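Undergrad: Provide a 3D model corresponding to the input given below.
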Amino acid sequence: MNFKFLFIVFFSIVSIVCHSQQNKDNYFHFQKMPAEDLENAFSMLNLNVYSIGLSVPEDKKQLVKVYLDEYVQNRLIKSNELWEDVLNYDSAMKFENKFSFYFLKKNDTTTIYSIMSPNGSRTTDKIVMNKKYSVQHGFVPFQAQELVQGKKIPVLLYGSYWHDPNLPKDMLRFCMERSLNSDFSSSAFKEMPHHYIIGIELTDPPPPRKRNNNSSSQSIKIN
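TA: Numbers count the residues shown, from 1 in each chain. Model prediction:
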């Protein structure tokens with residue numbers, strides 16, 4: 001239904017544009033769509049899209065892991081690895097390897113996610129939360145930060161709204177910051193009853209397996 005609604009809006013705009021351009025004394029033109037408008041359109045579809053770039057040193061490979069940590073009352077209760085891949089330096093990208101994250105909220109407890117790596121590989125799965133934490137959740141990105149080998153780097157917060165005693169009972173509050181510090185110093189972490197942290201970790205890839213050349217061979221005598 002949401003897709004149908006957007007198509008109707010799109011063709012309505014096209015129709016208006018065509019009609020307006022016929023009147024040279026009174027017309028308008030399209031401008032580059034700001035990111036905020038795209039975010040609003042995605043929000044109508046319960047879709048959140050994020051893209052991040054990772055710097056990989058020249059002539060070096062990096063094993064990148066994407067993890068999902070779940071917290072209740074700011075206490076870690078579960079940690080899962082969502083995906084991993086080995087990245088190489090890419091001179092065409094000027095050290096940049098772009099990852100894309102897609103999150104589609106299906107209902108109060110289930111969110112479909114898809115991760116696309118720079119080499120084109122993709123993984124898709126779902127986040128299923130306990131029903132008792134199924135209050136509305138929202139996304140907030142973390143600020144850009146230095147990549148430290150072997151350290152978990154938070155990228156996105158997927159956290160719950162909470163009841164504020166200073167607001168009417170039917171209203172909920174959510175993190176008011178547009179980006180978060182990596183030290184989790186925001187007061188929202190003390191208020192959220194439930195949240196996830198999506199992050200990355202860079203390590204050296206495991207050495208290639210050595211082939212066993214000491215295997216003995218047996219000769220068979222044919223009469």
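
Undergrad: Ile198 - nearest residue in space that isn't next to it in sequence?
TA: Distances taken as Cβ to Cβ, 6 or more residues apart in numbering place Leu156 nearest to Ile198, at 4.2 Å, with adjacent residues excluded. (C-beta placed from N, C-alpha, C; glycine too.)

Undergrad: where does the one you found fall, secondary structure wise?
TA: Element membership for Leu156 (DSSP states H and E) is strand 152-160.

Undergrad: residues in contact with the next helix-or-strand element following that strand?
TA: Per DSSP H and E, strand 152-160 leads on to helix 188-191 as the next helix or strand towards the C-terminus. The contact list for helix 188-191, computed with Cβ atoms under 8 Å, 6 or more residues apart in numbering, reads Asn74, Gly159, Trp162, Asp164, Arg173, Phe174, Cys175, Met176, Glu177, Leu180, His195.

Undergrad: lowest pLDDT pick from these?
TA: By predicted confidence (pLDDT), the lowest-ranked of these is Met176, with 69.

Undergrad: buried sites along stretch 144-156?
TA: Counting neighbours by 16 or more other Cβ atoms under 10 Å, one finds that the buried residues in stretch 144-156 are Lys152, Ile153, Pro154, Val155, Leu156.

Undergrad: what of stretch 112-120?
TA: Of the residues in stretch 112-120, those with enough neighbours to count as buried (16+ other Cβ under 10 Å) are Tyr113, Ser114, Ile115, Met116, Ser117, Pro118.

Undergrad: which of the buried residues of stretch 144-156 lies closest to Phe42?
TA: Within the buried residues of stretch 144-156, proximity to Phe42 (Cβ to Cβ) peaks at Leu156, which comes in at 14.4 Å.

Undergrad: helix or strand with the lowest mean pLDDT in this protein?
TA: Comparing every helix and strand of the chain by mean pLDDT, DSSP states H and E singles out helix 2-21 as the least confident one, with a mean of 47.

Undergrad: distance from the chain centre to the following helix or strand past that one, please.
TA: Next along the chain after helix 2-21, taking DSSP H and E as the criterion, comes helix 35-44. Mean-position distance between helix 35-44 and its chain equals 16 Å (Cα atoms, centre = their mean, to the nearest Å).

Undergrad: repeat for stretch 113-120
TA: Averaged C-alpha coordinates place stretch 113-120 at 10 Å from its chain's average position (Cα atoms, centre = their mean).
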